[in-house]
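Engineer: Mind folding the following:
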Amino acid sequence: MKKEKFLTIYAVFDEETQRKLNKIQQEIEAKYPAGSQTRGIPFHISLGSFPVEEKAALIGRIGKWIEELKPFSIELEGLGHFDNQLLYVKPNLNAELEALHQIFEGNYSDGYPWVPHVTLYSQEKKIIQELLDEYEAIKLDAKIVGLQMGEFFPTKIILTATF
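Structural biologist: Residues are numbered from 1 along each chain as shown. Take a look at the predicted model:
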């Protein structure tokens, strides 16, 4: 059950990974009408969602951990979808991502289990099915270099911290 407004902590990629993902998204949008995915934030992997009342505590948690965390590599391979409406790239789960998720685990916004993903595009089912076929062999080396806390909806970046 989606709440009106909530906070999300997410892991963000380095500039090179951002460029690679942006290029793929632009290729998709050149072929198909603009999707309805969230704009104005970098490509990321959501780690947890929380009530807006936890803002100060979350900032404290980020501050506590940011000095101990180190950038790490992760492979993005293959595509997935949520209900044939949201297309995403799958990260190959590794120990670093799992540990990061455990620090910021929370599921306030929708009640579903955590599915690590990098949203690429949101559109009608027919287009998502075509894209799944077209981009199924996607494989990227990526690097996680920081955290952001954002408020949804409307979208607003509250905090950015790099490792």
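Engineer: Low-confidence regions, this structure specifically.
Structural biologist: Along the chain, segments meeting pLDDT under 70 span 1-3.
Engineer: Show me where it has its strands.
Structural biologist: 6-13, 44-50, 72-82, 86-91, 118-122, 139-152, 156-162 (DSSP state E).
Engineer: Among the ones you listed, which comes closest to Ile59?
Structural biologist: Closest to Ile59 of these is strand 156-162 (Cβ to Cβ; 6.1 Å). Where C-beta positions appear, they are placed from N, C-alpha and C, glycine not excepted.
Engineer: relative to strand 6-13, how tilted is the closest one?
Structural biologist: When axes from the mean of the first three to the mean of the last three Cα atoms, to 10 degrees is applied, the directions of strand 156-162 and strand 6-13 differ by 40 degrees.
Engineer: how distant is strand 156-162 from the center of its chain?
Structural biologist: The gap between where strand 156-162 is centred and where its chain is centred comes out at 14 Å by Cα atoms, centre = their mean, to the nearest Å.
Engineer: And stretch 6-22, by the same measure?
Structural biologist: Centre-to-centre, stretch 6-22 and its host chain are 6 Å apart (Cα atoms, centre = their mean).
Engineer: One more: stretch 115-128?
Structural biologist: 12 Å.
Engineer: List the buried residues in that stretch.
Structural biologist: For stretch 115-128, the neighbour count (16 or more other Cβ atoms under 10 Å) marks 116-123, 127-128 as buried.
Engineer: one step back: including distance to Ile59, could the strands of the chain go into CSV?
Structural biologist: Putting these into CSV (distance: least, Cβ to Cβ, whole Å) gives the following:
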stretch, distance to Ile59
strand 6-13, 10
strand 44-50, 11
strand 72-82, 23
strand 86-91, 25
strand 118-122, 24
strand 139-152, 7
strand 156-162, 6
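Engineer: Of the ones you listed, which stretch is the most buried?
Structural biologist: Ranked by mean neighbour count, the strands of the chain are led by strand 6-13 with a mean of 23 (mean count of other Cβ atoms under 10 Å).
Engineer: Do I have it right that Pro51 meets Glu4?
Structural biologist: No. With contact defined as Cβ atoms under 8 Å, Pro51 does not reach Glu4; the gap is 10.6 Å.
Engineer: can you redo the buried residues of stretch 115-128 as JSON lines with distance to Asn92?
Structural biologist: What follows is these, written out as JSON lines (distance: Cβ to Cβ, whole Å):
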{"residue": "Pro116", "distance to Asn92": "9"}
{"residue": "His117", "distance to Asn92": "12"}
{"residue": "Val118", "distance to Asn92": "12"}
{"residue": "Thr119", "distance to Asn92": "17"}
{"residue": "Leu120", "distance to Asn92": "16"}
{"residue": "Tyr121", "distance to Asn92": "20"}
{"residue": "Ser122", "distance to Asn92": "23"}
{"residue": "Gln123", "distance to Asn92": "25"}
{"residue": "Ile127", "distance to Asn92": "26"}
{"residue": "Ile128", "distance to Asn92": "22"}
